[in-house]
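A.B. asks: Sequence below, structure please.
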Amino acid sequence: MRFLKLNQYESRQIAIAISDGKFQKWMGRYINSKDFYKIKGLLVKENLSIKDLHRKFEILIKQDLNICIAYKQYKNLTKLSYTLFLFNLLKKNKNHETLKKLINCSNYDFLKSSFNEKNISIINKDIFEKFLVNFKEINPKMKTIELFAPICPDYQTAIDDYGNERYTFDGLGGGIGLVGRKFLENLPSLIEIFKLIDIDLKPIILLGDFENNHNNLNRLKISPETFISLLKSSKEKFEKEYNLKAELFAEFFGGINSWQSRIQNLKNDYCFKNLKSLEDKFPNIDHQHIFAARIPLYKRWYGETNLMTNSFINQIYEYILMGNIISGYHKPCILLSSDHKAMAPYYATSFNSAPVISLNNIY
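C.D. replies: Reported below is the predicted structural model:
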């Protein structure tokens, strides 16, 4: 498959020869004479130029192989190299399966590149790449992936001295909320990016009903019933104003009693006491750096510095459990972290973690 390594000069010489010339011996490193003249005849038959032939092949691949493919996914190849890649894929010869695997790998590279342009990070890169390959190979006719997006309740915010919107936690509303707005701003781009590799995202918003706890209610000065009522109002806004599926997280995954039981089991298993115990369990995560990034928020939330480490550890339990629950979902899914980027790694601590991507937001 040397055609994948064609440089610009060689591509130009072969393209000129196919359009108006003859096969030359050196070209045999990339294309045999039979295929050379077959493509030459196809240009005449279809009244096409060599620079437009790839579009014809893209249509045929979609029809014959049910694979959506576009040149923007393969910018590392010359236009002729890409055209020969499609040509050989359609031939279904001995290289067919290898080329199909190359498509899946290229899909990952395309997503990674597209995410970088949008300041979106892949948290568990190996898992994400493997998930993408398996999804295409095991489910060739399936095109839909659930996009689970945990969203914070609509806590009150204020604009800081630098013009940034920050949580104050001085009240709770029944609207979209700060994290919800960030999610909505990025959703169209995510849907478009995945569409280019023939994957339809099905967003499911998960509102944090498990934050309906004693400390939070005291801070907000509301009752448990009011907390849930306001979350349901937020749920309705997502559904009616944006036509998106929205659920209360714990309620959707077995109910609040199930959540509380699971979180207690997690605490019994891990027994985190301090940052050192976190480092012992998850040495690849920079807990000190993440904790430092969260201190301004904890000061606004709790005010008391002696509660910060406990608050941080309790939040980690929640993020781990959310990741574990979503990873066990029965359909192919991706977890989208829309809140503070520092916490995203805790979604991906499970040995069978779902792919996790982060919008890299800061609050």
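A.B. asks: gap between F183 and K195?
C.D. replies: Per C-beta to C-beta, to the nearest Å, F183 is found 18 Å from K195. No exception for glycine: its C-beta is placed from N, CA and C like everyone else's.
A.B. asks: now do T83
C.D. replies: Applying C-beta to C-beta, the value for T83 to K195 is 23 Å.
A.B. asks: Among these two, which residue is more densely surrounded?
C.D. replies: T83 (27 against 13; other C-beta atoms under 10 Å).
A.B. asks: Now do A246: how many residues are near it, please.
C.D. replies: Residues contacting A246 under the criterion other C-beta under 10 Å number 23.
A.B. asks: show me the contacts for it.
C.D. replies: Going by C-beta atoms under 8 Å, 6 or more residues apart in numbering, A246 touches I204, I205, L206, L207, S234, K235, F238, E239.
A.B. asks: I'd like to know which of those residues are buried.
C.D. replies: Using 16 or more other C-beta atoms under 10 Å as the burial test, these include I204, I205, L206, L207, S234, K235, F238 as buried.
A.B. asks: so what's the third one bridging to?
C.D. replies: Right, L206. Here L206 shows beta-bridge partners P150, E247, assigned using DSSP bridges.
A.B. asks: List the contacts of it.
C.D. replies: Going by C-beta under 8 Å, 6+ apart, L206 touches F148, A149, P150, I151, A246, E247, L248, F249, F252, M322.
A.B. asks: what's the farthest-apart pair in these?
C.D. replies: The distance between the two most remote of the contacts of L206 (C-beta to C-beta) is 15.6 Å, for A246 and M322.
A.B. asks: show me where the stretch 51-200 of the chain has strands.
C.D. replies: Along the stretch 51-200 of the chain, the stretches classed as strands by DSSP state E, counting those that start in this stretch are 121-122, 144-151, 154-159, 165-173, 200-207.
A.B. asks: For the helix or strand bottoming out on mean pLDDT in the chain, list every residue counted as buried.
C.D. replies: When each helix and strand of the chain is scored by mean pLDDT, DSSP states H and E, helix 96-117 comes last, with a mean of 78. By 16+ other C-beta under 10 Å, the buried positions in helix 96-117 come out as L99, K100, L102, I103, N104, S106, N107, Y108, F110, L111, S114, F115.
A.B. asks: Tell me which other helices or strands the helix or strand in which I320 is found touches.
C.D. replies: Assigned by DSSP states H and E, I320 belongs to helix 308-327. Judged by 3 or more C-beta pairs under 8 Å, 6 or more residues apart in numbering; DSSP states H and E, the packing partners of helix 308-327 are helix 256-270, helix 275-281, helix 287-301, strand 333-337.
A.B. asks: Please work out which residues outside that helix touch it.
C.D. replies: Helix 308-327 is contacted from outside by 148, 150, 206, 210, 249, 253, 259, 262-263, 266-267, 270, 272-275, 278, 291, 294-295, 298-299, 301-302, 333, 335, 343, 346-350, 352-354, 356, using C-beta under 8 Å, 6+ apart.
A.B. asks: Just want the angle from it to strand 144-151.
C.D. replies: 160 degrees (axes from the mean of the first three to the mean of the last three C-alpha atoms, to 10 degrees).
A.B. asks: Average pLDDT for helix 308-327, rounded please.
C.D. replies: Taken as a whole, helix 308-327 has a mean pLDDT of 95.
A.B. asks: For it, list the C-alpha coordinates in PDB.
C.D. replies: The C-alpha trace of helix 308-327 is given here as PDB (Å, rounded to 0.1, in the frame of the first residue of the first chain):
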ATOM      1  CA  MET A 308     -12.300  21.900  51.600                       C
ATOM      2  CA  THR A 309     -10.400  18.600  51.600                       C
ATOM      3  CA  ASN A 310     -13.500  16.700  52.700                       C
ATOM      4  CA  SER A 311     -15.600  18.400  50.100                       C
ATOM      5  CA  PHE A 312     -13.100  17.600  47.400                       C
ATOM      6  CA  ILE A 313     -12.900  13.900  48.400                       C
ATOM      7  CA  ASN A 314     -16.700  13.700  48.500                       C
ATOM      8  CA  GLN A 315     -17.000  15.200  45.000                       C
ATOM      9  CA  ILE A 316     -14.400  12.700  43.800                       C
ATOM     10  CA  TYR A 317     -16.600   9.900  45.000                       C
ATOM     11  CA  GLU A 318     -19.500  11.400  43.100                       C
ATOM     12  CA  TYR A 319     -17.500  11.700  39.800                       C
ATOM     13  CA  ILE A 320     -16.100   8.200  40.100                       C
ATOM     14  CA  LEU A 321     -19.600   6.800  40.700                       C
ATOM     15  CA  MET A 322     -21.100   8.800  37.700                       C
ATOM     16  CA  GLY A 323     -18.300   7.400  35.500                       C
ATOM     17  CA  ASN A 324     -18.900   3.900  36.700                       C
ATOM     18  CA  ILE A 325     -22.600   4.000  36.200                       C
ATOM     19  CA  ILE A 326     -22.400   5.500  32.700                       C
ATOM     20  CA  SER A 327     -19.600   3.000  31.800                       C
END
